[in-house]
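1. Quick one: sequence and predicted model below, then my questions.
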Amino acid sequence: QTVVTQEPSFSVSPGGTVTLTCGLTSGSVSARYHPSWYQQTPGLAPRTVIDSTNTRSSGVPDRFSGSILGNKAALTITGAQPDDESDYYCVLYMGSGNWVFGGGTKLTVL
Amino acid sequence: EVQLLESGGGLVQPGGSLRLSCAASGFRFSDFAMTWVRQAPGKGLEWVSVITGAGATTYYADSVRGRFTISRDNSKNTVYLRMSSLRAEDTAVYFCARAIYYKYYMDVWGKGTTVTVSS
């Protein structure tokens, strides 16, 4: 069974740049998996950050960007702010109506 | 303003049933697929189910297929998740989310409702 992989945790300094990735245990992530990214502060609902066309959702700062880097999907934060400290999840569309979330990355900004 | 409001969560015994509701407002409900996503305590997000705008097509995660049923009433702008044969591992916060189905992502989320399966 293919699993969607994410770094369990990442740390970035305020103002720094960080790239979170979303991969597969078997195979490469490409646009055909329609990767999208979600931010979640513990205890609250997820918020869509980047949609499957690598477009930022309404209200999301332009320091967030999505891309395919090598064989993974990537979420890059350029000029990280303390407010960006959250859990980040990617989800891939696996076909036949099924989505699979990655395990999430806990991002610390300090 | 686009809003989703879940309800129906609670405490249920193993083997029991529960029906969750998600009331939508602020958009043309029938134009959008709707999904359910859950999050067990201290765990990550897990996609559960999706239903297309007209309700003709549904899909389920392997972990719930055969036990959960998604449905919708477009006259009431509401999507449902009927859960039966509940197990302890179904304990989670259940979120409904609007899906941009032809682009395969979720764009609006509700605040969630908590389901606890315990004796």
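-> Thanks, I have the structure now. Numbering: from 1, shown residues only, chains lettered A, B, ... in the order given.
2. How many neighbouring residues does the residue of chain B found nearest chain A have?
-> Proximity of chain B to chain A (Cβ to the nearest Cβ) peaks at residue B:59, 2.9 Å away. Placement of C-beta: from N, CA and C, glycine included. By other Cβ atoms under 10 Å in any protein chain shown, the residues close to residue B:59 number 18.
3. pretty sure it is in contact with residue B:52, am I right?
-> No - using Cβ atoms under 8 Å, residue B:59 makes no contact with residue B:52, being 9.1 Å away.
4. Please list the residues of chain A that sit near chain B.
-> A:34, A:36, A:38, A:40, A:44-48, A:51-53, A:57, A:87, A:89, A:91, A:93, A:96-104 (Cβ under 8 Å from any Cβ of the partner chain).
5. What's the local residue count around residue B:31?
-> Applying other Cβ under 10 Å, we find 10 other residues in the vicinity of residue B:31.
6. before we move on, what about residue A:1?
-> So residue A:1, with other Cβ under 10 Å, has 6 neighbours.
7. tell me which residues in stretch B:85-94 are buried?
-> Neighbour counts over stretch B:85-94 (16 or more other Cβ atoms under 10 Å in any protein chain shown) mark B:86, B:90, B:91, B:92, B:93, B:94 as buried.
8. Any idea how many residues pack against the closest residue to the second one other than its chain neighbours?
-> Taking Cβ to Cβ, 6 or more residues apart in numbering or on different chains, and ignoring the residues beside it in sequence, residue B:90 has residue B:117 as its nearest neighbour in space, at 5.2 Å. As a burial measure, the neighbour count of residue B:117 was computed by other Cβ under 10 Å and equals 19.
9. Same check on residue B:29?
-> 20.
10. same deal with residue A:58?
-> If we define neighbours as other Cβ under 10 Å, then residue A:58 has 7 of them.
11. That one sits in which helix or strand?
-> Element membership for residue A:58, per DSSP states H and E: none, as it lies in no helix or strand.
12. Centre of the chain to stretch A:88-101, how far?
-> 12 Å (Cα atoms, centre = their mean, to the nearest Å).
13. residues in contact with stretch B:50-66?
-> A:96-99, B:30-36, B:46-49, B:68-72, B:74, B:79, B:83, B:89-90, B:99, B:101 (Cβ atoms under 8 Å, 6 or more residues apart in numbering or on different chains).
14. what's the answer for stretch B:16-27, then?
-> For stretch B:16-27, using Cβ under 8 Å, 6+ apart, the contacting residues are B:1-10, B:12, B:34, B:36, B:76-86, B:94, B:96, B:98, B:110, B:113, B:115, B:117.
15. contacting residues for the residue nearest to residue A:15 when sequence neighbours are not counted?
-> The shortest distance from residue A:15 to any non-neighbouring residue, by Cβ to Cβ, 6+ apart, is to residue A:79 (5.6 Å). Taking Cβ under 8 Å, 6+ apart, we find residue A:79 in contact with A:15, A:16, A:17, A:63.
16. residues contacting the third one?
-> Applying Cβ under 8 Å, 6+ apart to residue A:17 gives the contacts A:76, A:77, A:78, A:79, A:80.
17. Okay, and which of the residues you listed map to helices?
-> When those are checked against helices (DSSP state H), there are no matches.
18. Can you turn the buried subset of these into a selection I can paste into ChimeraX?
-> In ChimeraX syntax, the buried subset of the contacts of residue A:17 is picked out as below (16+ other Cβ under 10 Å):
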select /A:76,77,80
